[in-house]
Each structure stands twice: as structure tokens, then as C-alpha cells.
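Student: A predicted structure for the sequence below; I have some questions about it.
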Amino acid sequence: MTKDKAPKMLKVVLFTGYACNNNCAFCIDADKRGLPEKTTAELLRETAAAARKGAHILEFIGGEATIRPDFARVVAAAKKLGIPQVSCATNGRVFADPAAAKRIVGAGIDSVIFSVHGPDAATHDALTRVPGSFAQLKKGLRNLRALGFERIGGNTTVVKGNMAALPRLAEFYARNRVRNVEYIFVDPNYGGARNDFKGLVPRISKAAPYMRRALAAGREAGYGQWKVRYVPLCHFRDCLDQISEINERALFLTEHWAPDFRNEDAIGSRAAVGRRKTARCRGCRLYRACEGIWVEYLRNYGDAELKAVK
Ligand code: SF4
């Protein structure tokens, strides 16, 4: 069976709500903070529904899911229902409390993805807009390691304020043995990056060299599986095997279950609605594999940086 024809795994991304203890400048949910959180009963119902539907991966995200008092309880319920991979994306701060880290690991969580937006407190805290958030994140990492928990991933939103620091951030990830990392080109279609486009969104031609250097640093350190996400492929021709979208299209069907919407084809609708290719893409040999660039990016910066690959 070829890779393309292999059955895809169902991944359900379960949004617990939009409340967060950080206040990231670029947050896609910046305009949704006032929406009500899901109740515990709703989360338990949805977890059971995901299990019935055959979810292989259940990823909890917020806002910040770990600040909920019921978080460990819901994780434990998901594991009891037999979902093979239960994970969460987190700003890591709750894990700075050893008791909380122990509780969540004890509930059976399989992997934890830390959002790290700079290699130092000055860069990271300037973007999270919470002084001390980087120190707590680092303590959270140490606490998880002390518990023997190894399945730690990382993601970084690439914006003007941190792009030049990506090579140093790659060293941070390598030093902390973070095997799966995604460098995510900021989404300006919604939220904070839409509201402050000029302050936050870099030109892809400026950001891509730093993103590629971060990938190269990972490869040198033995982490060839690090990836970049939400990028036009013409700026990443030398690392096409490290593009998240290509990888996820081959492997996953992804559903998003949020308080205010449900999307049963998150991958397809992002490509169809959120991103765009333009007339400059005509004849590009990467056309089919590529999703182009964010619609809002084109509205602000135009398409002059896209270059058809012949
Ligand atoms: S020219 Fe267009 S289709 Fe080709 S890689 Fe760039 S963005 Fe993608």
C-alpha cells in the first residue's frame, strides 16, 4: 500500500475554551477571550464522542487548557476510553508547579507540546506579555523531565519580534532534547496578528532564511523531523520533507471542536479558505503540494515574493 493510500488517522483537536494565563500578542484567539469555557460535562461528553468516532489522537488546546481545575480528570477519562494518543498544547506555566505536573502526567497524558516563542526571557516574555512566563516554562520543562516524562514537543509562532532569534531558539530546543518542533509562520487571518499586522507579521522572504537555519540546526543536532508550518513552498525548496502541511495531509484527518465552531475538515478548509495561491504560481511544479500563503498576508503585502518553481 502506498503512503497516500494508507488509511488516515483521525485527530480531534478539542478546544476547552479561550481563557488563558498568557496574553500573546499574535494569538489567533485574541478577540475570543470573553466566550464561555466549556463545562466539565461538555468536555467529558466530547471526549467520549471522539473515542466513539475512532480518534487516534485527541489534542486538548485552549486558550490554555491546563489552567482548568478539571484538566487532569478529562485527560484521565480520555485514556480510560482507550484513545491511543492524548496530548495538549500548552504555554507550560502550569507545569512549573511540581504537583500539577505530577497530576497531569499521572492522568496518563501521552505528550505535551510547549509553545516557546523565544530563546530567552526578553524575547519570549515580550511576546506573551507576561513577565516571568519564560522562567515558568523552563521550570515546567524541568519538572516534566524530573518525572521521567520524555514525550515533549515544541512549537514557535514566527513573528517579527522573534524571527532573528530562531537559530538560538533551535539551540534551546536541542539542549532540552525536544524531538518534535514546529516553526509556525504566524496566521494573520484572525486575532492579534490581524489586529496588528504591521507590528507582528514579517515578510516571508525575511522570515524564511531564519526558519531554514533553525531546521538546519536541528538536522545537525540529529532532529531531522523538526518542521515548518503555513509556508509557501518556494521559500523552502531545500527542505520539502520538513513541511508540516504535506506531512499532515498524508497522515491525518483533523477535526476542530471549539466552543464557537466545529470544523470536520480543518486541513482542507484551511487550504481552501485561509490560504491562497496567485497568478504568480502558474506553472509551479510545487503547485499541488503547496497551499500558498495566508489570504490576509496577500491583502497587506501582495504576492511579489512568490516565485513559481520550474
Ligand atoms: S509559487 Fe505559489 S505554488 Fe509555487 S511554491 Fe510558491 S506559493 Fe507555492
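Tutor: Perfect, I can see it now. On a predicted model such as this, the values are computed, not experimentally measured, just so you know. Residues are numbered from 1 along each chain as shown.
Student: pretty sure L10 belongs to a strand, no?
Tutor: Yes - counting by DSSP: H, G, I helix; E, B strand; the rest coil, L10 is found in a strand.
Student: which residues touch it?
Tutor: 53-57, 252-253, 255 (C-beta atoms under 8 Å, 6 or more residues apart in numbering). Where C-beta positions appear, they are placed from N, C-alpha and C, glycine not excepted.
Student: residue boundaries of the strands in the stretch 1-150 of the chain?
Tutor: 9-15, 57-61, 85-90, 111-115 (DSSP state E, counting those that start in this stretch).
Student: sheet partners, orientation included, of the longest one?
Tutor: Take DSSP bridges as the rule and strand 9-15 pairs in its sheet with strand 57-61 (parallel), strand 252-257 (parallel).
Student: check the offset of the helix or strand of the chain with the lowest mean pLDDT from the chain's centre.
Tutor: Lowest by mean pLDDT, DSSP states H and E among the helices and strands of the chain is helix 266-269, with a mean of 87. Chain-centre distance of helix 266-269: 15 Å, with C-alpha atoms, centre = their mean, to the nearest Å.
Student: give me the helices and strands touching it, please.
Tutor: Contact partners of helix 266-269 among helices and strands, from 3 or more C-beta pairs under 8 Å, 6 or more residues apart in numbering; DSSP states H and E: helix 244-251, strand 252-257.
Student: looking at the strands of the stretch 1-150 of the chain, which is nearest to the ligand?
Tutor: Proximity to the ligand, assessed across these by C-beta to the nearest ligand atom, is greatest for strand 9-15 (24.5 Å).
Student: so which residues of this protein form helices?
Tutor: 40-52, 71-80, 98-106, 121-128, 133-146, 166-175, 191-195, 197-200, 204-220, 244-251, 266-269, 295-301 (DSSP state H).
Student: tell me which of these sits nearest to V159.
Tutor: V159 lies closest to helix 197-200 among the helices of the chain, at 4.7 Å (C-beta to C-beta).
Student: who touches the closest one?
Tutor: Applying C-beta under 8 Å, 6+ apart, the external contacts of helix 197-200 come out as 25-26, 159-161, 186, 188, 192-193, 296, 300.
Student: in that helix, what counts as buried?
Tutor: By 16 or more other C-beta atoms under 10 Å, the buried positions in helix 197-200 come out as 197, 200.
Student: any idea how far L137 is from P259?
Tutor: P259 sits 26 Å away from L137, going by C-beta to C-beta, to the nearest Å.
Student: go on, I267?
Tutor: Here the distance between I267 and L137 works out to 28 Å (C-beta to C-beta).
Student: between the two, which is the more surrounded one?
Tutor: Taking neighbours as other C-beta atoms under 10 Å, I267 and L137 compare with L137 leading, 25 against 19.
Student: list the contacts of that one.
Tutor: 91-93, 96, 114, 116, 124.
Student: next to the ligand, which bits of the stretch 101-250 of the chain? Give me the list.
Tutor: Residues of the stretch 101-250 of the chain lying near the ligand by C-beta under 6 Å from any ligand atom: 232-234.
Student: scan the residues you listed and report the most crowded one.
Tutor: Neighbour-wise, these (other C-beta under 10 Å) top out at P232, 26 neighbours.
Student: and the residue nearest to that one when sequence neighbours are not counted, what are its bridge partners?
Tutor: Once flanking residues are discounted, P232 sits nearest to I293: 4.8 Å by C-beta to C-beta, 6 or more residues apart in numbering. Going by DSSP bridges, I293 is paired in beta bridges with R276.
Student: list the contacts for I293?
Tutor: So I293 contacts 204, 231-232, 275-276, 303, 306 (C-beta under 8 Å, 6+ apart).
Student: for these, which one is nearest the ligand?
Tutor: For the contacts of I293, the closest approach to the ligand (C-beta to the nearest ligand atom) belongs to P232, at 3.4 Å.
Student: verify the stated contact: the closest one with C290.
Tutor: Yes - assessed by C-beta atoms under 8 Å, P232 is found in contact with C290 at 6.3 Å.
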